[in-house]
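J.: Build the 3D model from these lines:
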Amino acid sequence: MSEPQGSEGTTQRLPVIERTAEADRHDQSASEAAYGPPPAPAAEADGGGRRFWSARRIPAGIVALLLLLLAGFFLYDIVSVRAGRPAMHWRRELSQQLAERPLDDTWVLVGAGVAAALGLWLIVLALTPGLRRVLPMSRTHPDVRAGLHRDAAALVLRDRAMEVAGVQSARVRMRRRKADVRAVSHFRELDDVRADLDVTLAEAIRGLGLARPPAVSVHVARTTRKKG
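T.: Numbering: from 1, shown residues only. Okay, the predicted model is just below:
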């Protein structure tokens, strides 16, 4: 039998990856520094992960109702004056107060401050998208947008954290940019539990399909036994 050519005495040395001391320090550091948010998909780089705009039906309904009542009162008073009846008492009193009170009067300043605050509030509502508790998800189709409520995302992360061996309880606080996970372990080493949580939660964050995946901060503590 003939041996294959080019195989005698030729062994190739595989490359060796050395572990540096800096990598060891990263593994022992806080979980938030161990990994940040996964990179967003390329389709989201053009602003596809913007927040949803809120309809704000309650503020709009309140403003519409107030304007309707105010316009109705003025319209009724104008029709009454045109019909030969005297103007309503509240309008005569308001006109008199506005004509007699100086601009530096306390009630005039209070009324102006309230009106300015309401106007500023309406401007902020008009210029901000709202729906801060809805996290935009990655768009797989250009005509379809999806969002995930922060409470639902926190519940998913909590369930995944409870699957890690050694975790007795977990509490997740989900924000727009960061997920704060606090777990209590009743056995195993805390570093091992935290390492498993890092891997599990990183996979869970990617599985949520968020357009802007949040960074994860994991804190693991030992359970305290009550002495009887």
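J.: Spit out the contact partners of the residue nearest the centre of the chain.
T.: Nearest to the mean C-alpha position of the chain, counting by C-alpha atoms, centre = their mean, stands residue 176 at 2.8 Å. Residue 176 makes contacts with 132, 135, 150, 212, 214, as judged by C-beta atoms under 8 Å, 6 or more residues apart in numbering. Quick note: C-beta positions are derived from backbone N, CA and C, even for glycine.
J.: Walk me through the regions of this protein where pLDDT falls short of the threshold, as ranges.
T.: Residues of the chain that meet the criterion pLDDT under 70 lie in 1-49, 225-228.
J.: Can you mark which positions in the longest helix seen in the chain are buried?
T.: If you go by DSSP state H, the chain has its longest helix at helix 57-82. By 16 or more other C-beta atoms under 10 Å, the buried positions in helix 57-82 come out as residue 77.
J.: Walk me through the domains of the protein.
T.: The chain breaks down by automatic domain parsing into domains covering 57-127, 134-222.
J.: Distance to residue 51 added to the ones you listed, as a markdown table?
T.: A markdown table is the format used below for the domains of the chain (distance: least, C-beta to C-beta, whole Å):
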| stretch | distance to residue 51 |
| --- | --- |
| domain 57-127 | 13 |
| domain 134-222 | 6 |
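J.: need the strands for the chain, in chain order.
T.: Assigned by DSSP state E, the chain shows strands spanning 134-136, 147-149, 167-174, 178-185, 215-222.
J.: Including mean neighbour count and distance to residue 201, could those go into JSON lines?
T.: What follows is the strands of the chain, written out as JSON lines (neighbours: other C-beta atoms under 10 Å; distance: least, C-beta to C-beta, whole Å):
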{"stretch": "strand 134-136", "mean neighbour count": "21", "distance to residue 201": "16"}
{"stretch": "strand 147-149", "mean neighbour count": "16", "distance to residue 201": "16"}
{"stretch": "strand 167-174", "mean neighbour count": "17", "distance to residue 201": "9"}
{"stretch": "strand 178-185", "mean neighbour count": "20", "distance to residue 201": "6"}
{"stretch": "strand 215-222", "mean neighbour count": "18", "distance to residue 201": "5"}
